[in-house]
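Chemist: Take a look and give me a structure for this.
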Amino acid sequence: MANDFGFRITTTRFDEDYTPSTSSRVTTNFANLARGEGRQQNLRRALTMIRNRFNDLADWDNPGGDRYGLELDIVSVELEFTAGEADREFPLLEVLDVTIVDGRTGARRHGIVGNNFSSYVRDYDFSVRLPAAGKGPAGPNIPEDFGDLHGKLFQAFLDSDAYAERFSQPPVICISVSTSKTYRRTDNRHPVLGVEYQQDDYSLTDEYFAKMGLRVRYFMPRGAVAPLAFYFRGDLLNDYTDLQLVGLISTMEAFQKIYRPEVYNANAAAGAVYRPSLEEQDFSRTLIDYDREERSRLAITQGRFTEEHFMNPHRDVLEQWAAAQPAIAR
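Modeler: So this is what the prediction gives:
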């Protein structure tokens, strides 16, 4: 079964001239910014936010606060089946790759790959399969194998030759903390990631990423108002340089300020005990247009697309392959 499919990687520069490709998920965070009449202004403002925050955090030997620039590339991963005639190629996932450009020395340093995470199969799981399972007295009925296939596909990609040829380090995904959980500030503080928060139990998203082989820690960087969730495979605090972590934070904090301003652009910072809420009224909006309701609708559309063009035509192959894989590392 090992040769039933492989992975192909392509990249697209994310800049003010970016236009989503026809194969890109339309609910991808960066694709949302690149639609409509104000698309170029949206992109320009988002990139400016990222660059300014990077220089704010990377303030050593940077008196003017303008030493560094970032180049962002969208990494698109396509799964290619070796057998069958229909739907032999499927756009599996997209992440972001960061390059740090030192304007003083001209040096270019590779940042962290991952950052944002976008997946058609995750759309299928959360927008099609989970609703179909219904709800019980305690909330949604979670299928016992929920996320297993997605997690194994993701880990297979990280272990593939295609990944090793492009990237020398494991990815780190950075997203919003869950609005269903309470986070408590600890005494642990990292010079770049900031103060660490912990929670009593994991969210469904945390469990989903765990099946992808990724652990989670929550940190609130200096100058931020809410902790971010960092999902990683190795050692988050020691595997990456300070500049790499700054690139990750500045990129994803800007996106979260755009997508969840109630949490990440709130006018008051998280306290010692913190429960994020999208009902918060005391926050500032960015000048960047984003339609959160449209994104939710499109997630359902894309989940059904995945069911029709990926799950149904290849179900037997995928189930046999998944059954042959080792138990998911937790």
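Chemist: wait, doesn't Tyr202 sit right on Val216?
Modeler: Yes. Counting by Cβ atoms under 8 Å, Tyr202 sits close enough to Val216 to count as a contact (7.4 Å). C-beta: built from backbone N, CA, C; applies to glycine.
Chemist: Now do the shared contacts for these two.
Modeler: Counting by Cβ atoms under 8 Å, 6 or more residues apart in numbering, the shared contacts of Tyr202 and Val216 are Ala210.
Chemist: So those two - more neighbours on which side?
Modeler: Neighbours per residue, other Cβ atoms under 10 Å: of Tyr202 and Val216, the larger number sits with Val216, 20 against 14.
Chemist: Tell me if I'm right that the more buried one and Leu228 touch.
Modeler: No. Between Val216 and Leu228 there is no contact under Cβ under 8 Å: 10.4 Å.
Chemist: any weak-confidence spans in the chain?
Modeler: By pLDDT under 70, the weakly predicted segments of the chain are 1-3, 21-38, 83-87, 289-295, 328-330.
Chemist: all strands of the protein, in order?
Modeler: 5-14, 68-81, 89-102, 108-119, 135-136, 139-140, 172-176, 183-190, 194-199, 215-220, 228-232, 273-274 (DSSP state E).
Chemist: Turn those strands into a markdown table, including distance to Asn42.
Modeler: Shown next, in a markdown table, are the strands of the chain (distance: least, Cβ to Cβ, whole Å):
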| stretch | distance to Asn42 |
| --- | --- |
| strand 5-14 | 12 |
| strand 68-81 | 14 |
| strand 89-102 | 16 |
| strand 108-119 | 16 |
| strand 135-136 | 37 |
| strand 139-140 | 34 |
| strand 172-176 | 20 |
| strand 183-190 | 30 |
| strand 194-199 | 28 |
| strand 215-220 | 26 |
| strand 228-232 | 22 |
| strand 273-274 | 29 |
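Chemist: Minimum distance to Gln320: which of the ones you listed has it?
Modeler: Judged by Cβ to Cβ, the one of the strands of the chain that comes nearest to Gln320 is strand 5-14, at 11.8 Å.
Chemist: and the angle for the closest one with strand 68-81?
Modeler: 150 degrees (axes from the mean of the first three to the mean of the last three Cα atoms, to 10 degrees).
Chemist: I'd like the distance from strand 5-14 to the chain centre, please.
Modeler: In terms of Cα atoms, centre = their mean, to the nearest Å, the centre of strand 5-14 is set 16 Å apart from its chain centre.
Chemist: Pull up the pairing partners for that strand, direction included.
Modeler: Paired strands of strand 5-14, with direction, are strand 68-81 (antiparallel) (DSSP bridges).
Chemist: May I have the partner strand exported as PDB, CA atoms only?
Modeler: Extracted in PDB, the C-alpha atoms of strand 68-81 (Å, rounded to 0.1, in the frame of the first residue of the first chain):
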ATOM      1  CA  TYR A  68      14.000  43.100   8.900                       C
ATOM      2  CA  GLY A  69      11.600  42.100   6.100                       C
ATOM      3  CA  LEU A  70       9.700  38.900   5.500                       C
ATOM      4  CA  GLU A  71       8.900  36.900   2.400                       C
ATOM      5  CA  LEU A  72       6.000  34.600   2.700                       C
ATOM      6  CA  ASP A  73       5.300  31.600   0.400                       C
ATOM      7  CA  ILE A  74       2.100  29.500   0.300                       C
ATOM      8  CA  VAL A  75       3.100  25.800   0.300                       C
ATOM      9  CA  SER A  76       0.500  23.700  -1.400                       C
ATOM     10  CA  VAL A  77       0.600  20.000  -1.000                       C
ATOM     11  CA  GLU A  78      -1.100  17.700  -3.500                       C
ATOM     12  CA  LEU A  79      -1.700  14.000  -2.900                       C
ATOM     13  CA  GLU A  80      -1.300  12.000  -6.100                       C
ATOM     14  CA  PHE A  81      -2.800   8.500  -6.500                       C
END
